[in-house]
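**Student:** whatever this is, show me its structure:
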Amino acid sequence: MNLPVFTARRDAAHALVLAILAADPDPGTKAERTKLYARLMAIIDEAVMATQRSQLTTDTPLLHYLDLLRETMAACLAMVRHELRLDQEAIEFSRMLPPEAAAQLKAADRAFAVSEKNILGSVRQLLGLGERLVEHDSRRRLTRFSADDRRRYAVARREYDDFYANYEVTVAAPGDSSPQEPCGLS
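**Tutor:** Numbering: from 1, shown residues only. Okay, here's the model as predicted:
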């Protein structure tokens, strides 16, 4: 088990998610939010994988937190995809349905937008809790590392900070349920 490297990888991924969501309270258009949320989910997946590979057990508070974070971010992505799908279908729906249906579509779009913002607020609250959890786990691990392991952690952390700063994902079109694949460095 390569604890220093996987711990650094997890810490770098989690730190970037924190930084991205702290930096931008309004993530932009629906298309921009879709891309942002897909990127955040991919980075969270990296944190989950690195944590799993650095532990003997999968039943830990840290993994429970990361799974909850991933699932909550997935809900946020689902809401913005619903908004995009409604936008794409609105013209077709308005041709097939009576005029009052257009008003119902706009109301549904607003409901999805409000839900998305509420879920994003929940993600930010989770990150506040999780930041302390990750920091505690990292401090505990670093105190147990040898001097060489701490050096390896520092080197890996710098490398993963750079790697995740350029991490991109391919975003599927609304309605496409295929998984998003990381593209790595762009």
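**Student:** same for the longest helix seen in the chain, what does it pack against?
**Tutor:** When the chain is parsed with DSSP state H, its longest helix is helix 99-144. Applying 3 or more Cβ pairs under 8 Å, 6 or more residues apart in numbering; DSSP states H and E, one finds that helix 99-144 makes contact with helix 3-23, helix 61-96. No exception for glycine: its C-beta is placed from N, CA and C like everyone else's.
**Student:** report the rounded mean pLDDT for it.
**Tutor:** Per-residue pLDDT values across helix 99-144 average out to 88.
**Student:** chain center to it, what's the gap?
**Tutor:** 9 Å (Cα atoms, centre = their mean, to the nearest Å).
**Student:** how much space between Ala102 and Val114?
**Tutor:** As for Ala102, its distance to Val114 is 19 Å (criterion: Cβ to Cβ, to the nearest Å).
**Student:** more neighbours: which of the two?
**Tutor:** Ala102 (14 against 11; other Cβ atoms under 10 Å).
**Student:** number of nearby residues for the closest residue to that one other than its chain neighbours?
**Tutor:** Nearest residue to Ala102, sequence neighbours excluded (Cβ to Cβ, 6 or more residues apart in numbering): Ser94, at 5.0 Å. When neighbours are counted by other Cβ under 10 Å, Ser94 registers 13.
**Student:** from Ala113, how far off is Ser94?
**Tutor:** Ser94 is 19 Å from Ala113, where distance means Cβ to Cβ.
**Student:** which among the helices and strands packed on helix 99-144 is found nearest to Ala38?
**Tutor:** Set against Ala38 and scored by Cβ to Cβ, the helices and strands packed on helix 99-144 come closest in helix 61-96, at 6.3 Å.
**Student:** which strands or helices does the closest one pack on?
**Tutor:** Looks like helix 61-96 contacts helix 30-53, helix 99-144 (3+ Cβ pairs under 8 Å, 6+ apart).
**Student:** okay, these in CSV with distance to Arg150 next?
**Tutor:** Formatted as CSV, the helices and strands packed on helix 61-96 follow (distance: least, Cβ to Cβ, whole Å):
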stretch, distance to Arg150
helix 30-53, 17
helix 99-144, 6
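**Student:** comparing the ones you listed, which comes out most buried?
**Tutor:** The highest mean neighbour count among the helices and strands packed on helix 61-96, using mean count of other Cβ atoms under 10 Å, belongs to helix 30-53: a mean of 20.
**Student:** got the angle for that one vs helix 99-144?
**Tutor:** Counting by axes from the mean of the first three to the mean of the last three Cα atoms, to 10 degrees, helix 30-53 points 30 degrees away from the direction of helix 99-144.
**Student:** quick one: average pLDDT of helix 30-53?
**Tutor:** Taken as a whole, helix 30-53 has an average pLDDT of 93.
**Student:** from the contact counts, what lies against that helix?
**Tutor:** Using 3+ Cβ pairs under 8 Å, 6+ apart as the contact test, the elements touching helix 30-53 are helix 3-23, helix 61-96, strand 167-169.
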